[in-house]
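Enquirer: Need a 3D model of the sequence below.
(2 chains)
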Number of protein chains: 2
Amino acid sequence: MNAPPKPLLSVLAGHPVWPPPVWLMRQAGRYLPEYRAIRAEVPDFVALCLDPVRAAEVTLQPIRRFGFDAAILFSDILMLPWALGHGLAFKEGEGPVLPKLRDAAAVDRLDPTQVRAKLAPVMETVRRIRSGLTAEGFDATALIGFAGAPFTVACYMIEGGGSKDFAATRALAYADPALFQRLMDLLVDATVDYLSAQADAGAEVLMLFDSWAGVLSPTLFRTHVIAPAQRIVARLRVLHPGIPVIGFPRLAGLMVGEYAKASGVAAVGLDTGMEPHAAVALVGGDVAVQGNLDPMALVAGGAALRAEAASILTGLRGQRLIFNLGHGIVPQTPPDHVGALVEQIRAA
Amino acid sequence: MNAPPKPLLSVLAGHPVWPPPVWLMRQAGRYLPEYRAIRAEVPDFVALCLDPVRAAEVTLQPIRRFGFDAAILFSDILMLPWALGHGLAFKEGEGPVLPKLRDAAAVDRLDPTQVRAKLAPVMETVRRIRSGLTAEGFDATALIGFAGAPFTVACYMIEGGGSKDFAATRALAYADPALFQRLMDLLVDATVDYLSAQADAGAEVLMLFDSWAGVLSPTLFRTHVIAPAQRIVARLRVLHPGIPVIGFPRLAGLMVGEYAKASGVAAVGLDTGMEPHAAVALVGGDVAVQGNLDPMALVAGGAALRAEAASILTGLRGQRLIFNLGHGIVPQTPPDHVGALVEQIRAA
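Expert: Alright, predicted model coming up:
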């Protein structure tokens, strides 16, 4: 007898599933005491991402608690620039700190030939998660691998960290389009290579996080968000025909339709601000949607949480929906609220 | 003989004007050496906002250079919480610093009865700008008064300053909707009072800046962005029947259509990410649009600037457009680039 298909994979393959599959961005994270315990053993965040035993363990923690329909590789979108030799450190309370890429010499110094070797521990993590899911009987839980989308990775490399509006990145895109494109081309290739290795290691779905897509004008959005996603998805489709890609162009706003239709993704992530009906109208019926509960509603819990979740469940009933947050879960989230949310979704 | 109508007022009254009227958010600002000279005389920013001679002077500076179709009162959206007695300081390189409003007692301490008296110097500034425009022969330049929209003002009052995602504000909106609504009601009343005083003093157009509207879920956007705008516009329409309101719900994304249709504004501001065609399709024909050049394209100048400006001018040709940026002009903008942009628009 065949196992029933995993709900997440069914939705991505084109079949509506109700109640919808659910997982939460940053579901393996500081809101869980068992995560904080592991984190205390490895204070360096990059070291934790390169520790297959612990990275697999924290990936599985939220699945054990909540039985989510997806486990997502515990890693960071900045592991790719790290593997390219760009440098990366996480400072407590400051977020990531990187060198600032501003000229051709800095692009020349990036070394894509080392990516697979340097990220070999991440692939080992993927294998361990996959076998852990099987060993622990989570037969309905799909494994998602991921990478930062080239534009968002470029944002951090150019700014040297986070930013309110990534002004230096946009300035470079306008002032030196050839250099910017060369960086993007290199990142597209490295991203395909990295995601392909994750698929080889057992990832069943791949996700592209373009967290800062929303800072771009429509012109630059087409060039640096849609076109790279299109190239990455097309090449992955040849290398891994059965593996769907979820794209998350955060704050894409009115561009979400063009992105969904042109990029070739199987599902598009919606951020918290996206009105479900309006989003589905733009996205069209060929692409599933994932999202988009406000993480702060999950912090509040109670009536506010129930109302916000109900508005998504009602608004998207019958659609191909993967229930998720509109942004990552925040550390002050009470785990009980996550449990209540999952219960509400499963009763929908 | 009657003077020809001001292009900005024509567009707001329902008539397409081509080439479109143009002004730029933060057009009176640090990118101008003549502004920096005045600023050096009054290091305290609040003091400058309360200095009618100098505030009127910096308002007129960009009109003299570029002949913009609108002058906008030099002030700050946080002057209203300051006038309510909430406290406000600007720290160099840090932006605004305010006490953090988190409980009912803090709302009780706000005193709306003092607003008109404390902001009397701002009304004197409005009168001086209006007479200055006439005295200097800028007969086609309309005067815009403004206020922060209640939600954005509440954001700063609750967080105590700027924030990446205004998490504490959203948390309070979910956790204590009654308290949040009481603050919003107070701010709606105070905003009507403040804008009405500006209209009495000579403002010909009023603008509501809702800079952080985009952090809200659709549910909260309706309650705290659309509903307050609706109430403010309706009451101003009674008090000042001829004065149009421009609303700028920044990063509204897919909610821009609901906002435009329900709020009663005469024009809606589009941020940089808004695709012009898609925005007009959602906004509909009854409301003009204002925007939305990327301020970083203005920094870059040259071919990048021409291409981005052309894409807006082409995309919105024939529409009721007020050309503007999608966000405020940044200090590193070369004034020559502004001149080149105005020339390109006037030749469109």
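
Enquirer: what packs against the lowest-mean-pLDDT helix or strand in chain A?
Expert: Of all helical and strand segments in chain A, the minimum by mean pLDDT, DSSP states H and E falls on strand A:89-91, at a mean of 87. Under the contact criterion of 3 or more Cβ pairs under 8 Å, 6 or more residues apart in numbering or on different chains; DSSP states H and E, strand A:89-91 touches helix A:45-49, strand A:95-97. Glycine gets a C-beta too; all of them are placed from N, C-alpha and C.

Enquirer: avg pLDDT for the next helix or strand after the last one?
Expert: Per DSSP states H and E, the first helix or strand lying C-terminal to strand A:95-97 is helix A:104-108. For helix A:104-108, the mean pLDDT works out to 96.

Enquirer: what's the offset of helix A:104-108 from the middle of its chain?
Expert: 27 Å (Cα atoms, centre = their mean, to the nearest Å).

Enquirer: quick one, what contacts the spatially most central residue of chain A?
Expert: Centroid-nearest residue in chain A: residue A:209, 4.3 Å away (criterion: Cα atoms, centre = their mean). Applying Cβ atoms under 8 Å, 6 or more residues apart in numbering or on different chains to residue A:209 gives the contacts A:77, A:146, A:147, A:148, A:149, A:152, A:248, A:250.

Enquirer: For the residues you listed, name the two members farthest from one another.
Expert: Farthest-apart pair in the contacts of residue A:209 is A:147 and A:250; separation 14.6 Å (Cβ to Cβ).

Enquirer: what about those two, which has more around it?
Expert: Neighbour count, other Cβ atoms under 10 Å in any protein chain shown: between residue A:147 and residue A:250, residue A:147 has more, with 25 against 22.

Enquirer: My understanding was that that one contacts residue A:208; is that so?
Expert: Yes. With contact defined as Cβ atoms under 8 Å, residue A:147 and residue A:208 form a contacting pair (6.3 Å).

Enquirer: Spit out the residues that contact the two alike.
Expert: Counting by Cβ under 8 Å, 6+ apart, the contacts common to residue A:147 and residue A:208 are residue A:191.

Enquirer: need the contact list for the nearest residue to residue A:283 once chain neighbours are set aside.
Expert: Among residues not flanking residue A:283 along the chain, residue A:260 sits closest, at 4.2 Å (Cβ to Cβ, 6 or more residues apart in numbering or on different chains). If you count contacts by Cβ under 8 Å, 6+ apart, residue A:260 has them with A:247, A:268, A:282, A:283, A:284, A:287.

Enquirer: buried set for the helix or strand hosting residue A:260?
Expert: In this structure, residue A:260 is located in helix A:256-263 according to DSSP H and E. Judged by neighbour count (16 or more other Cβ atoms under 10 Å in any protein chain shown), helix A:256-263 contains these buried residues: A:256, A:257, A:258, A:259, A:260, A:261, A:263.

Enquirer: Please report the distance of the residue nearest to the first one when sequence neighbours are not counted from residue B:268.
Expert: Read it as residue A:256. Leaving aside its sequence neighbours, residue A:256 sits nearest to residue A:282 (Cβ to Cβ, 6+ apart; 5.5 Å). In this view, residue A:282 and residue B:268 are 18 Å apart by Cβ to Cβ, to the nearest Å.

Enquirer: Looking at the two, which has the bigger crowd around it?
Expert: Remark: of residue A:282 and residue B:268, residue B:268 carries more neighbours, 26 against 22, as counted by other Cβ under 10 Å.

Enquirer: Quick check: beta-bridge partners of that one?
Expert: residue B:247, residue B:289 (DSSP bridges).

Enquirer: give me every residue that touches it.
Expert: B:246, B:247, B:248, B:249, B:256, B:259, B:260, B:283, B:287, B:288, B:289, B:290.

Enquirer: Kindly give the local confidence score, pLDDT, for it.
Expert: If you check residue B:268, the pLDDT there is 98.

Enquirer: One more: residue A:93?
Expert: Here the pLDDT value assigned to residue A:93 is 75.

Enquirer: OK, now which residue of the stretch 51-200 of chain A is nearest to chain B?
Expert: In the stretch 51-200 of chain A, the residue that lies nearest chain B is residue A:174 (3.5 Å; Cβ to the nearest Cβ).

Enquirer: who's in contact with the nearest residue to residue A:255 once chain neighbours are set aside?
Expert: Of all residues not flanking residue A:255 in the chain, residue A:221 sits nearest, at 5.1 Å (Cβ to Cβ, 6+ apart). Residue A:221 makes contact with A:213, A:249, A:252, A:255, A:259, B:273, according to Cβ under 8 Å, 6+ apart.

Enquirer: among those, which two are most distant?
Expert: A:259 and B:273 (11.9 Å).

Enquirer: tell me, what's touching the two both at once?
Expert: Residues touching both residue A:259 and residue B:273 (Cβ under 8 Å, 6+ apart): A:221, A:252.

Enquirer: So which residues of chain A form strands?
Expert: With strands called from DSSP state E, chain A shows them at A:70-72, A:89-91, A:95-97, A:142-148, A:205-210, A:245-249, A:267-269, A:288-293, A:321-325.

Enquirer: Lowest mean pLDDT across the ones you listed, which one is that?
Expert: strand A:89-91 (a mean of 87).

Enquirer: Neighbouring strands of it in the sheet, and parallel or not?
Expert: If you go by DSSP bridges, strand A:89-91 pairs up with strand A:95-97 (antiparallel).

Enquirer: Now the strand it pairs with: buried residues?
Expert: residue A:96.

Enquirer: Quick one: name the residues of the stretch 101-250 of chain A near chain B.
Expert: Proximity of the stretch 101-250 of chain A to chain B is confined to A:162, A:164-165, A:167, A:170-171, A:173-175, A:177, A:214-221 under the rule Cβ under 8 Å from any Cβ of the partner chain.

Enquirer: In CSV, list the C-alpha atoms belonging to the helix holding residue A:260.
Expert: Extracted C-alpha coordinates of helix A:256-263, given in CSV (Å, rounded to 0.1, in the frame of the first residue of the first chain):
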residue,chain,number,x,y,z
VAL,A,256,3.2,39.8,-6.9
GLY,A,257,1.1,38.9,-9.9
GLU,A,258,3.9,39.4,-12.4
TYR,A,259,6.3,37.5,-10.1
ALA,A,260,3.9,34.6,-9.8
LYS,A,261,3.2,34.4,-13.5
ALA,A,262,6.7,34.9,-14.9
SER,A,263,9.0,33.2,-12.4
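
Enquirer: Out of the contacts of residue A:221, which comes closest to residue B:24?
Expert: Distances from residue B:24 to the contacts of residue A:221, taken by Cβ to Cβ, are shortest for residue B:273, at 17.6 Å.

Enquirer: hang on, isn't that closest one packed against residue A:216?
Expert: Yes. Using Cβ under 8 Å, residue B:273 makes contact with residue A:216 at a distance of 6.5 Å.

Enquirer: What separation is there between the closest residue to residue A:103 other than its chain neighbours and residue A:190?
Expert: Spatial nearest neighbour of residue A:103, excluding adjacent residues (Cβ to Cβ, 6+ apart): residue A:179 at 7.4 Å. Remark: distance between residue A:179 and residue A:190 (Cβ to Cβ) = 17 Å.

Enquirer: More neighbours: which of these two?
Expert: Ranked by neighbour count (other Cβ under 10 Å), residue A:179 and residue A:190 place residue A:190 first, with 24 against 17.

Enquirer: count of residues packed around the closest residue in space to residue A:264 that isn't next to it in sequence?
Expert: Nearest residue to residue A:264 in three dimensions, chain neighbours excluded: residue A:233, at 3.9 Å (Cβ to Cβ, 6+ apart). Applying other Cβ under 10 Å, we find 21 other residues in the vicinity of residue A:233.

Enquirer: count of neighbours near residue A:35?
Expert: By other Cβ under 10 Å, neighbour count at residue A:35 equals 19.
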